[in-house]
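*Asks:* Here's a sequence, model it:
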Amino acid sequence: MTRGNDELIELHGFTVSHYVEKARWALDYKGVPYSWRVVMIGPHLRQIRKIARKTTVPVLIDGETAIQGSAEIIDYLEARFDELVGPATRRIFYGYGLPQRKLPVYYFKQGAPAWAPAFYALSFPFLARAIGGLYETTSENVSGDEVRLGRFFEEIEARLADRSYLVGESFTRADLTLCALLSLLWEPLEHPIEWAPSELVPIGMRQWLDQHADRPLRDYVLRVYRDHRRPA
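*Replies:* Next comes the predicted model:
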């Protein structure tokens, strides 16, 4: 595949993915024009294999070059954030959402073709088993992630106690990484996703989120999005 000078780069990814959001935010923040391509969970296996070596998203296509993974796309990675916060928030989301079904399907369908509702009506039980197995969304694992995230929140809040940003006196990609990975929890208005109505959020997940609703870290995430997340 070749690309002319006036052809946009392409970003392929799931609508509901904090890793994809990290890449989108980085591109928007830098003012890099790109074409957003929604990838449906399930059919993505065949679709992504056509353009990249693995089946993970996001994938950035620039001419004949495929760059895979949000860390590579933004050329910077806060390893600890990705290792702890990313998997933990994902497992909490799916751990509560998969049994209830409505929340993940609400996001899976966003920006997808008109046949997506019918596809997920038929395939969701199979996808739920596959996703649950892949991310090990047992109640024990979810509970452990909730505890670990609570401790992590306290650690980051201590760091932010006398500063506005994680590193130095201005916004950096460290702030971008952390806030993108926490966006699924606190739903900043500037996020390009259309957040689900509150009644679709499972009770257990809502109760856990309510425990952290007044955290300074939540205020930080919402402020960073408000001040630095450019529209997609």
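*Asks:* what's the closest non-adjacent residue to Thr89?
*Replies:* Leu184 (5.4 Å; Cβ to Cβ, 6 or more residues apart in numbering). Every C-beta, even on glycine, is put in place using the N, C-alpha and C of the backbone.
*Asks:* what's the distance between Trp36 and Lys50?
*Replies:* For Trp36, the distance to Lys50 equals 18 Å [Cβ to Cβ, to the nearest Å].
*Asks:* should've said Tyr135
*Replies:* 24 Å.
*Asks:* Looking at these two, which has the bigger crowd around it?
*Replies:* Using other Cβ atoms under 10 Å, the more surrounded residue of Tyr135 and Lys50 is Tyr135, with 17 against 6.
*Asks:* In this structure the more buried one contacts Gly97, no?
*Replies:* No - judged on Cβ atoms under 8 Å, Tyr135 makes no contact with Gly97 at a distance of 11.2 Å.
*Asks:* Which strand or helix spans the residue nearest to Thr89?
*Replies:* helix 173-186 (DSSP states H and E).
*Asks:* Next one: the residue nearest to Thr89 relative to Pro104, how far apart?
*Replies:* Relative to Pro104, and taking Cβ to Cβ, Leu184 is found at 11 Å.
*Asks:* intersection of neighbour lists for those two?
*Replies:* The contact sets of Leu184 and Pro104 overlap at 16, 93 (Cβ atoms under 8 Å, 6 or more residues apart in numbering).
*Asks:* returning to that earlier point: report the contact partners of the residue nearest to Thr89.
*Replies:* Going by Cβ under 8 Å, 6+ apart, Leu184 touches 16, 18, 89-90, 93.
*Asks:* make it 6 Å
*Replies:* For Leu184, the contact set (Cβ atoms under 6 Å, 6 or more residues apart in numbering) comprises 18, 89, 93.
*Asks:* Repeat that for His12.
*Replies:* Taking Cβ under 6 Å, 6+ apart as the contact definition, His12 lies against 37, 39, 59.
*Asks:* And it, how close does it get to Leu181?
*Replies:* From His12 across to Leu181, the span is 20 Å (Cβ to Cβ).
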